[in-house]
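[1] Need a 3D model of the sequence below.
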Amino acid sequence: MEKLLIKSRRKIQAVSDKFHRYLFKQININSQLVSVLGARGVGKTTLLLQLAKQSDKEVLYVALDDLFFTENTLYSLAENFSQIGGELLLLDEVHKYPNWSRELKLIFDDLPNLKVIFTSSSVLDIYKGESDLSRRALNYHLKELSFREYLELYHQIKLPIISLDDITSNHTSLSDDLSGRFKPLKYLSSYYESGIYPYFKNDKYEYYQQLNNTINLILDVDLQSIENIEYSNIAKFKRLLYVLATNVPYTPNISKLADKISINRNALVQALNLLHKAELLHIVYKQNKSISTLTKPDKIWLHNTNLAYAISGESPNVGNLRETFFLQHTSVTHKVTLPLKGDFYIDNKYTFEVGGKNKTQHQIQNLDHAFIVKDNIESGTMNTIPLWLFGLLY
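    Residues are numbered from 1 along each chain as shown. Just a heads-up that it's a prediction; the model follows:
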């Protein structure tokens, strides 16, 4: 225990407190049990350590792959920490610990004065664990850096979060005001290429290498530890990801795609859903469609634009980048489906058609609450909104 406390203090002292993710102020550290899910590489560990740094509680941070757990249980750690006055226990990558859900339930039931915040892969479904945590845990989901966060982290440009309703109602005045403070189009292409994960160090080759390493760890480690997938299928997942990266946005022909990567139909649909949960893909369905685990996706995108550069090794299609950017930002707090007309239908209310500055109104004529979203413009008029403004949604 003493070694863990020393290690924890060192990590907490070392973490930078200059930049906080959008979830930082939302997380209720006074709740007894909190989960923070997210894809590998988005900054969950840093978030935990920053929460610890600003807490006035007696806190312990521990990674669940620590060698301490080869001879000790998570429950015994929590019990001992509580006995010496511990108040806040931060558990990183809980999915790497066997029987995590059972022991977290026991900690919750037996140690009511101990607050616990745990992180895990976005693949993890805490509702499917051996013990029912759905009534116990307060759940949060950390996404990739938004365009707004990228501007603050890498360029020290601080901008407010803007709601979707504000964008649709007041986009002209908002974009005029904000573009007077900075030049959004100056930074957008850099964000597309290397601005979505918080570890870019001005070397794109090194960044893409690290991003590909992250992808491999998601497939080789996270999926394995959570879903227990055979290694031969993991290799097929990697091939599937590359095929999709060079073809997105993709309207899948499941039979042809299954033949291409030598996997049966049901296994392919399950693979697509797992890659979606791992936040490597974005799967979108038609509006009002009933969805099950074996429902064929209607359209597929990569989860963000950086993945397109890293996986394909080529310059992606600009139309793909626009749609991916729009989908990444709107899907964090809104329901996105495919409309009968237009590109995206949000919250069963708004229709959006995404394109370049020469995009016309043709696809959304005579539709209510319909908007054109244009790239390469700083400000719009009427129902034409600049694409970059959606990068401020979170």
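[2] CA atoms for contacts and neighbours, from now on please.
    OK.
[3] how near is residue 383 to residue 50?
    The span separating residue 383 from residue 50 equals 41 Å under the rule C-alpha to C-alpha, to the nearest Å.
[4] The two: who's more crowded?
    Between residue 383 and residue 50, residue 50 has the larger neighbour count (other C-alpha atoms under 10 Å), namely 23 against 16.
[5] so where do the helices sit in the stretch 201-350 of the chain?
    Taking DSSP state H, counting those that start in this stretch, the helices of the stretch 201-350 of the chain run over residues 204-217, 223-227, 231-245, 254-260, 265-277, 305-312, 318-330.
[6] Find the one among these with the highest mean neighbour count.
    Most buried of those, by mean neighbour count (mean count of other C-alpha atoms under 10 Å): helix 305-312, with a mean of 22.
[7] Helix 204-217 and that helix, what's the angle between them?
    With axes from the mean of the first three to the mean of the last three C-alpha atoms, to 10 degrees as the basis, helix 305-312 and helix 204-217 are set at 90 degrees to each other.
[8] any idea of the mean pLDDT for helix 305-312?
    In this model, helix 305-312 has a mean pLDDT of 94.
[9] Need the residues that contact it.
    192-196, 208-209, 211-212, 242, 245-246, 280, 302, 314-316, 321, 324-325 (C-alpha atoms under 8 Å, 6 or more residues apart in numbering).
[10] ditto for stretch 336-352
    Residues outside stretch 336-352 that contact it (C-alpha under 8 Å, 6+ apart): 284-287, 327, 330, 334-335, 353-354, 363-364, 367-373.
[11] Now a ChimeraX select for only the buried ones of these.
    Those of these that count as buried under 16 or more other C-alpha atoms under 10 Å are selected in ChimeraX with:
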select :284,285,286,287,327,330,353,354,363,364,370,371,372,373
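[12] Just the ones of the contacts of stretch 336-352 in strands?
    284, 353, 354, 370, 371, 372, 373 (DSSP state E).
[13] any idea how far the first one lies from residue 317?
    Residue 284 is 19 Å from residue 317, where distance means C-alpha to C-alpha.
[14] what do you get for residue 277?
    Between residue 277 and residue 317 the computed distance is 24 Å (C-alpha to C-alpha).
[15] From residue 209, how far off is residue 203?
    10 Å.
[16] meant to ask about residue 141
    25 Å.
[17] Contacts only, for the most centrally placed residue in the chain.
    Computing the C-alpha centroid of the chain and ranking residues by C-alpha atoms, centre = their mean puts residue 143 first, at 2.8 Å. Applying C-alpha under 8 Å, 6+ apart, we find residue 143 in contact with 38, 39, 42, 332.
[18] Cool, thanks, signing off.
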